[in-house]
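[1] please find the sequence and the predicted model below.
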Amino acid sequence: MSKRDYYETLGVAKNASDEDIKKAYRKLAMKHHPDRNPDDKGAEEKFKEAKQAYEVLSDPDKRATYNQFGHAGVDQQAGMGGGYGGGASGFSDAFSDIFGDIFGGGGGGRRDRVYRGADLRYNLEIGLEEAARGTETKIRIPSLEECGVCHGSGAKPGTSPTTCTTCGGNGQVRIQQGFFSVQQTCPRCGGTGKMVADPCTACHGEGRVKKHKTLSVKIPAGVDSGDRIRLGGEGEAGVNGGPSGDLYVVIHLKDHPVFKRDGDDLHCEMPISFATAALGGEVEIPTLEGHAKIKVPAETQSGKVFRLRGKGIKGVRSHAPGDLLCHMQIETPVNLSERQKELLRELDSLSPGRNNNPRAQSFMDKVKAFFE
């Protein structure tokens, strides 16, 4: 029986890229694999057919021969020692080429692997005034830096690391599990591909040492809790000459005794006397820029909010500053003298009606309606 065209078998065009061919084969291999289709001869044949097509089309030389001479060309090449399409080992190699990236990298590996250093996080607590105006501060952080004695090699001066005998310098080992070939990081060298027979006494073979360093951090005006400031290259040193990681300074605002921040707005509670609330007056309130005065109209109720435009904070990404919202809190007098108590009783006796206590009267009306 004549063989199907390999491109037709995989369902791809003749100008398909290597990635398209790989994806098509992956899909067919998963669908028709014998382990997923036990006792299904048809699926087994389709699986073998797809495998053979992929083995040819994934190899540049074999694909070129097939494109020029068809099946006759690749069959002759197989008979001359370039065989493919055989037993389990042939499949496992092709299968691992496709799925190697899922399990930690493709075949071959490379020596002297370099790794980027880890990023670091530093939590910085600052006051509200510092956040509003911006500041510059110094921080001291622990970090891993390249060992100055062995220059990051981990080997004692005058010696050099040797190739790992377990992975052969690839940094990865392949574990065969039936048809599947899984690649994992070499447990002996940790993926570096090297072994240190005579370790550096300063870093004990690690290539990096623990140190503390002091950095200057510029805090831009308007930062808020949760904002991050990135200091490039100030994280941990890389491995085998790899680049250093970054340091992220995370801002946290301290509680303020007067203000509470809500985005770009500020809130504060302003206590006023009973007389000022009833008769009206002028009160002085604090702002981040100093003091300001507001006029309190007569008959102001507790909880009334006065807004001062532009007296909040201009955020890092804002075009204009927020507002300051003052919440009026009418303060009940304490430590009254007998004369003060007498006057309050007299006032209370003179104001029993709706006109003097509108909120209380409204509440009583609601209660009465509820029980009726």
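    Arrived safely.

[2] which residues are in contact with the host helix or strand of residue 286?
    Here residue 286 sits within strand 281-287, counting by DSSP states H and E. Contacting residues not belonging to strand 281-287 are listed as 258, 268, 270, 272, 275-276, 291-296, 308, 311, 324, 326 [C-beta atoms under 8 Å, 6 or more residues apart in numbering]. C-beta coordinates here come from the backbone N, C-alpha and C atoms, glycine included.

[3] C-terminal to the helix or strand of the chain with the lowest mean pLDDT, what's the next element?
    Evaluated with mean pLDDT, DSSP states H and E, the helix-and-strand set of the chain has its lowest mean pLDDT in helix 88-99, which scores a mean of 43. Downstream of helix 88-99, the first helix or strand assigned by DSSP H and E is strand 120-126.

[4] so how far is the very next helix or strand once past that next one off the chain centroid?
    Where DSSP H and E defines the elements, the next helix or strand beyond strand 120-126 is helix 128-133. Here helix 128-133 is found 26 Å from its chain centre; the criterion is C-alpha atoms, centre = their mean, to the nearest Å.

[5] identify all contacting residues around stretch 320-327.
    Contacts of stretch 320-327 (C-beta under 8 Å, 6+ apart): 263-270, 285, 287, 294, 303-315.

[6] those residues, buried ones only, as a PyMOL selection?
    Burial among those is assessed by 16 or more other C-beta atoms under 10 Å; the matching PyMOL selection reads:
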select buried, resi 264+265+266+267+268+270+285+287+304+306+311+312+313+314+315
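
[7] hang on, the earlier thing: out of the contacts of strand 281-287, list just those in strands.
    268, 270, 272, 291-296, 308, 324, 326 (DSSP state E).

[8] can you pick out the most distant pair from these?
    Farthest-apart pair in those is 268 and 295; separation 17.1 Å (C-beta to C-beta).

[9] next up, the contacts around residue 252.
    So residue 252 contacts 123-126, 225 (C-beta under 8 Å, 6+ apart).

[10] let's go with 10 Å and repeat that
    123-126, 131, 224-227 (C-beta atoms under 10 Å, 6 or more residues apart in numbering).

[11] now tabulate those residues in JSON lines and tack on distance to residue 165.
    Below are those laid out as JSON lines (distance: C-beta to C-beta, whole Å):
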{"residue": "123", "distance to residue 165": "44"}
{"residue": "124", "distance to residue 165": "47"}
{"residue": "125", "distance to residue 165": "50"}
{"residue": "126", "distance to residue 165": "53"}
{"residue": "131", "distance to residue 165": "56"}
{"residue": "224", "distance to residue 165": "54"}
{"residue": "225", "distance to residue 165": "52"}
{"residue": "226", "distance to residue 165": "49"}
{"residue": "227", "distance to residue 165": "50"}
